[in-house]
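# coordinates for the following, if possible.
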Amino acid sequence: MQFRQQALAKLRSPEELDLPVRFARPQGWLVLSVTIVAMAAASVWAVTGTVTSTVDAPAVLTHAEGSYILQSPVAGQVTAVLAREGEQLAANAPVLRVCTARGETAVVRTVAAGRVTTLAAAIGAIVPTGANVAAVEKVAHAHDPLYATVYVSAGSAAAIPADAAVDLTVQSVPTQRYGVLRGHVRTVGRSVRTRQQIAAYLGDDQLGEQFTAKGRPVAVLVRLDRSSATGSGLKWSSADGPPYALTSMTLATASIRLAGQRPVDWLLP
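Modelled structure (predicted):
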């Protein structure tokens, strides 16, 4: 009976035709507006924006001309070491003196001016003909600028644009404290490098094996950004960078920014 009385009361009440009809609450309109704006922004970005990707590869700090390996022209015993590691030498400067079995003395000399990076022979050592006895980096002056040589896989090298930005994580520099080293691509090699070519350029057989462990790479020469405000004379992601200068043959990991791609092409290949 209770429900019957309610139904009869409803029928006797007049229609409330003069009351406004509310289709949505203000909160609903706000959500709808935000959704429309977000979809419009996403559509514009999909057409005009770009997606930036990077390629990571091993690197080593060097001078632009590379290095060369000195070999003993004769077999014999090293009787004198005439140079020191890190020493800057002129062309045709004596490095080692080797005494042959016949008592003759041969002097191993530099081929071009440079800095001695490695001495592989000590006094008293017996060396065969053609043995590697030293590595010399081709640098005319001690203050010649450093570069970074990055060994990128052949498949990724083609996508590297000219003057691409490069971030270098240097092994001898604490990244959390000083950040990464800044640079830009100077040149991209046109052909892959063999283990022997890399070893000859860097003056280090082990690096030649290390950089070709996953295949023959392409050499990318990176110009390091300069800064007079840092102790190293180079630009870092931090304000000051390390308070000391970097030396050649320092290993690093490079992150090269590739050319941007349209999001539509990236999402819908």
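# show me the shaky parts of the stretch 51-200 of the chain.
By pLDDT under 70, the low-scoring segments of the stretch 51-200 of the chain are 51-52, 142.
# strands of that one, residue ranges please.
54-62, 67-71, 76-81, 88-89, 94-99, 105-109, 114-119, 126-127, 132-137, 147-153, 165-170, 181-192 (DSSP state E, counting those that start in this stretch).
# reformat the ones you listed as JSON lines; add mean neighbour count and distance to Trp236.
C-beta coordinates here come from the backbone N, C-alpha and C atoms, glycine included. Listed next are the strands of the stretch 51-200 of the chain as JSON lines, based on neighbours: other C-beta atoms under 10 Å; distance: least, C-beta to C-beta, whole Å:
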{"stretch": "strand 54-62", "mean neighbour count": "20", "distance to Trp236": "14"}
{"stretch": "strand 67-71", "mean neighbour count": "20", "distance to Trp236": "26"}
{"stretch": "strand 76-81", "mean neighbour count": "17", "distance to Trp236": "37"}
{"stretch": "strand 88-89", "mean neighbour count": "18", "distance to Trp236": "27"}
{"stretch": "strand 94-99", "mean neighbour count": "20", "distance to Trp236": "36"}
{"stretch": "strand 105-109", "mean neighbour count": "16", "distance to Trp236": "39"}
{"stretch": "strand 114-119", "mean neighbour count": "21", "distance to Trp236": "24"}
{"stretch": "strand 126-127", "mean neighbour count": "16", "distance to Trp236": "42"}
{"stretch": "strand 132-137", "mean neighbour count": "22", "distance to Trp236": "24"}
{"stretch": "strand 147-153", "mean neighbour count": "23", "distance to Trp236": "14"}
{"stretch": "strand 165-170", "mean neighbour count": "21", "distance to Trp236": "9"}
{"stretch": "strand 181-192", "mean neighbour count": "18", "distance to Trp236": "6"}
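# now for those strands, which one comes closest to Leu224?
Proximity to Leu224, assessed across those by C-beta to C-beta, is greatest for strand 181-192 (4.6 Å).
# contact partners of the closest one?
147-148, 154, 157, 160-170, 173, 216-225, 234-237, 241, 252, 256 (C-beta atoms under 8 Å, 6 or more residues apart in numbering).
# all set now, cheers.
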